[in-house]
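> I would like the atomic coordinates for the input below:
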Amino acid sequence: MKKLYFFTLLMFSVTFSIMAQKEQIKTAQAELTKGNVQGALTILNDIEYLITNAKDEDKSDYYFIKAKTYTALANKKIDSSKNMSLAVACYNELITAEVDSGNLKYAVQARESIKEIKSALERSSVEDNNAQRFSEAADKMMYLYEMDKKDTVNLYNAASNFFNAKQYDLALKSYEVLKNIKYSGNGMEYYATNKKTNQEELFVSASNRDLGVKQGSHDKPRNAKSKSKKAEILKRLAYIQTEKGDIASAESNYKAIININPSDIETYIDLAYVKLDRKKEIADKMSLLGTSSEDMKKYDELKAKKDAEVKTAVNYLEKALILDPNNKDVSKLLLNLYRSLDMTDKYEALKAKG
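I've put the predicted structure just below:
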């Protein structure tokens, strides 16, 4: 008898919960229609835990209305990029649920809405980039990447804008992901000329470029094959790592660039400066030593290491000078290093070349 009573009570509770969540979804829809967007979102968030076990139709209604609510917040300029991303996440949940159930109520509309949201966010990110609002552009491009992680060009664009905005921690994280997935960036680039500025602009997609041409803001569309971005990614990684004092990682990435392009003069120079940074670190340690026999022994060991770093820097600069014999800056630095190492023959020979 007790078991039957408990089962009846449980069934009543479940039935009541199902009816309650259906009513709450309707209430949220009514609040959204009235323009009370935040109120609608609060209602939907309060019943989110019930949706996993909801009926298929209720799931569809819930995710559809929640996506519309996030879109409404974005349209009100309230955390627009974030709420666009959350709307896409809801539409994706809706599509997954409807495909699993076979009851396609909103799936087609959801797919179209995702395309529209992405297109709007892409256009906005391009506008920010062209106006040099790099931080805003980076955030939007990162949201686009989070919406579809297969579209790695958005991650690359986000990293580039984080770098330009000097948000080096975020740029470093993004570039490391790109390096790990072996992103090359090979593909097509989409250009058109801005009629107001008469400047050619790069678009994140062909559809956005074509829309600009269609709307009359741009003309002269053209496509071009993009060059590999691997060396650029490594170079920016190395730059940030040098700025943060991670000299070992920077050196590793500079060497990787040389493996890609052995004729990259700037990278040989960068490697030389990395070695000279290490030389300075060692010199600082030497200056702290005393005159005891133990300290003098450490001094000699450190001096040998310092000279080895300088000699490696010399090797890199000599390679750069072979590639560009008229580079006065490299010649000047080499002369100073030859003199510091008492490399008299090389010093005189280079000085004689003028």
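
> what helix or strand does Ile65 sit in?
Assigned by DSSP states H and E, Ile65 falls within helix 56-75.

> oh, I was asking about Lys225
strand 218-226.

> re earlier: buried ones in the helix holding Ile65?
58-74 (16 or more other Cβ atoms under 10 Å). Just so you know, the C-beta spots here come from the backbone N, C-alpha and C atoms, and that holds for glycine as well.

> cool, stretch 345-352 as well?
By neighbour count on 16+ other Cβ under 10 Å, the buried set for stretch 345-352 is Lys346, Tyr347, Leu350.

> same deal with stretch 179-199?
Tyr183, Gly185, Glu189, Tyr190, Ala192, Thr193.

> tell me the contacts of Gly212?
In this structure, Gly212 makes contact with Arg123, Ala192, Phe203, His218, judged by Cβ atoms under 8 Å, 6 or more residues apart in numbering.

> any idea how far stretch 311-329 is from the chain center?
Put simply, stretch 311-329 sits 34 Å off its chain's centre (Cα atoms, centre = their mean, to the nearest Å).

> same deal with stretch 307-320?
34 Å.

> and it, C-alpha only, in PDB?
The C-alpha trace of stretch 307-320 is given here as PDB (Å, rounded to 0.1, in the frame of the first residue of the first chain):
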ATOM      1  CA  ASP A 307      80.900  33.900 -24.100                       C
ATOM      2  CA  ALA A 308      79.300  30.800 -25.600                       C
ATOM      3  CA  GLU A 309      76.000  32.700 -25.900                       C
ATOM      4  CA  VAL A 310      77.700  35.600 -27.600                       C
ATOM      5  CA  LYS A 311      79.500  33.300 -30.000                       C
ATOM      6  CA  THR A 312      76.200  31.800 -31.000                       C
ATOM      7  CA  ALA A 313      74.800  35.300 -31.500                       C
ATOM      8  CA  VAL A 314      77.800  36.000 -33.700                       C
ATOM      9  CA  ASN A 315      77.000  32.900 -35.800                       C
ATOM     10  CA  TYR A 316      73.400  34.000 -36.300                       C
ATOM     11  CA  LEU A 317      74.500  37.500 -37.300                       C
ATOM     12  CA  GLU A 318      77.100  36.200 -39.700                       C
ATOM     13  CA  LYS A 319      74.400  34.200 -41.500                       C
ATOM     14  CA  ALA A 320      72.200  37.300 -41.700                       C
END
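
> can you count the residues close to Leu94?
26 (other Cβ atoms under 10 Å).

> ok, now the one 3 residues further on?
Counted with other Cβ under 10 Å, the burial measure for Ala97 works out to 20 neighbours.

> also the one 5 residues further on?
Gly102 sits with 7 neighbouring residues when counted by other Cβ under 10 Å.

> what about it, distance to Lys22?
Note on Gly102: its distance to Lys22, by Cβ to Cβ, to the nearest Å, is 21 Å.

> where does pLDDT dip in the stretch 51-200 of the chain?
Scanning the stretch 51-200 of the chain for pLDDT under 70 picks out nothing.

> again, 80 this time
Along the stretch 51-200 of the chain, the parts satisfying pLDDT under 80 run over 186-188.

> can you pull out the strands in it?
187-194, 200-203 (DSSP state E, counting those that start in this stretch).

> strand partners (parallel or antiparallel) of the shortest one?
In this case it means strand 200-203. Partners of strand 200-203 in the sheet, by DSSP bridges, are strand 187-194 (antiparallel).

> helices and strands around the helix holding Ile65, which ones?
Other elements packing on helix 56-75 under the criterion 3 or more Cβ pairs under 8 Å, 6 or more residues apart in numbering; DSSP states H and E are helix 2-34, helix 37-46, helix 80-101, helix 107-130.

> just the CA atoms of that helix, as CSV, please.
Taking Å, rounded to 0.1, in the frame of the first residue of the first chain, the C-alpha atoms of helix 56-75 are listed here in CSV:
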residue,chain,number,x,y,z
ASP,A,56,10.3,16.7,-27.2
GLU,A,57,7.9,19.6,-28.0
ASP,A,58,8.7,21.4,-24.7
LYS,A,59,12.4,21.1,-25.4
SER,A,60,12.0,22.6,-28.8
ASP,A,61,9.9,25.4,-27.5
TYR,A,62,12.3,26.1,-24.6
TYR,A,63,15.5,26.3,-26.8
PHE,A,64,13.7,28.3,-29.5
ILE,A,65,12.4,30.9,-27.1
LYS,A,66,15.7,31.1,-25.2
ALA,A,67,17.6,31.6,-28.4
LYS,A,68,15.1,34.4,-29.3
THR,A,69,15.6,35.9,-25.9
TYR,A,70,19.4,36.0,-26.2
THR,A,71,19.0,37.5,-29.7
ALA,A,72,16.7,40.2,-28.3
LEU,A,73,19.3,41.1,-25.7
ALA,A,74,22.0,41.4,-28.4
ASN,A,75,19.7,43.6,-30.4
